[in-house]
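Visitor: structure, please.
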Amino acid sequence: LRETVLQLYKPFKWTPCFLHKFFETKLQNRKKMSVIIEFEEGCHETGFQMAGEVLQKEKRSKLKSRFNKINCCSAEVTPSALHSLLSECSNIRKVYLNREVKALLDTATEASHAKEVVRNGQTLTGKGVTVAVVDTGIYPHPDLEGRIIGFADMVNQKTEPYDDNGHGTHCAGDVASSGASSSGQYRGPAPEANLIGVKVLNKQGSGTLADIIEGVEWCIQYNEDNPDEPIDIISMSLGGDALRYDHEQEDPLVRAVEEAWSAGIVVCVAAGNS
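Guide: Predicted structure coming up:
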């Protein structure tokens with residue numbers, strides 16, 4: 001976030017000094033940034049309320065989603081609003097840039113040796129297992145017929161399964177295709193697994209950290225609401241630019257994934273396959 005704010009001032013290097021004040025005022029009140037706000041431990045409710053009160057007084061700024069599991073929320077803020085938040089809200093621990101995340105896919109079938117599972121006569125079919133594909137959505141393809149048991153849309157808030165990009169459906173097929181439309185040629189390693197589509201990426205295959213966190217928290221809440229038929233696995237073939245942290249717990253997405261693990265969900269995430 002610090003680098004992003006500094007970049008906003010870079011053009012000032014070539015701006016005449018007598019115009020600096022004018023352009024800084026414009027920048028402070030008009031430029032919007034998407035951020036994730038982390039509150040101090042045990043202060044989520046109070047912090048969220050205080051942040052909301054501060055941003056109500058600021059133009060072009062607002063709170064968006066709450067992430068109760070990791071004590072955070074997302075917001076859109078101007079530089080001026082960010083300064084007000086940090087000055088007036090004592091319950092804020094840290095503010096992160098809400099970075100872009102993109103769909104990833106390359107040679108997943110070969111890398112995971114999925115064909116060996118299917119072709120060596122093993123009896124593992126995924127029956128009784130539910131996989132949540134956190135991606136661009138999921139389309140009711142014939143190879144997935146009758147096994148899409150749930151759907152959530154963090155992008156367009158639609159209720160029926162769809163995929164306006166195709167990446168999520170591709171990934172669902174890598175996991176659980178029955179191969180029905182290809183005479184078994186494109187059968188996945190878990191052809192009897194149930195699927196839940198969680199749409200967090202748009203039709204261009206892009207989203208943000210906040211979108212992904214919202215999707216992961218939805219999965220955790222789903223299990224709390226459906227203890228008899230829980231999500232067993234979260235699959236995420238997506239990623240963004242790597243950042244250096246002093247500790248992994250400084251990354252809000254890592255913390256969301258850790259919460260899912262603590263809730264008993266196995267989380268499988270792409271790494272180095274773009």
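
Visitor: ok, now which ones touch residue 172?
Guide: 131, 133, 135, 138, 141, 144, 195, 197 (C-beta atoms under 8 Å, 6 or more residues apart in numbering). C-beta coordinates here come from the backbone N, C-alpha and C atoms, glycine included.

Visitor: residue 85: which of the residues you listed is nearest?
Guide: residue 135 (32.1 Å; C-beta to C-beta).

Visitor: now the helices for the stretch 101-250 of the chain?
Guide: 108-111, 114-119, 167-176, 209-225 (DSSP state H, counting those that start in this stretch).

Visitor: among those helices, show me which one is buried the most.
Guide: Mean neighbours per residue, mean count of other C-beta atoms under 10 Å, is largest over the helices of the stretch 101-250 of the chain for helix 167-176, with a mean of 25.

Visitor: how distant is it from the center of its chain?
Guide: 17 Å (C-alpha atoms, centre = their mean, to the nearest Å).

Visitor: please apply the same query to stretch 149-160.
Guide: For stretch 149-160 - counting by C-alpha atoms, centre = their mean - the centre lies 14 Å from the chain centre.

Visitor: what residues sit buried inside it?
Guide: 150, 151, 152, 153, 154, 155 (16 or more other C-beta atoms under 10 Å).

Visitor: what's next to it, contact-wise?
Guide: Outside stretch 149-160, the residues touching it (C-beta under 8 Å, 6+ apart) are 130, 132, 137-138, 161, 194-202, 207, 211, 214-215, 218, 222, 229.

Visitor: now those: which count as buried?
Guide: Buried among those by 16+ other C-beta under 10 Å: 130, 132, 137-138, 161, 194-202, 207, 211, 214-215, 218, 222.

Visitor: nearest to residue 40, of the contacts of residue 172?
Guide: Of these, the one sitting nearest to residue 40 (C-beta to C-beta) turns out to be residue 135, at 33.1 Å.

Visitor: one step back: show me the contacts of residue 172 that map onto strands.
Guide: In this view, these that belong to strands under DSSP state E are 131, 133, 135, 195, 197.

Visitor: could you report the pLDDT at the fourth one?
Guide: What that stands for is residue 195. Among the per-residue scores, residue 195 shows a pLDDT of 98.
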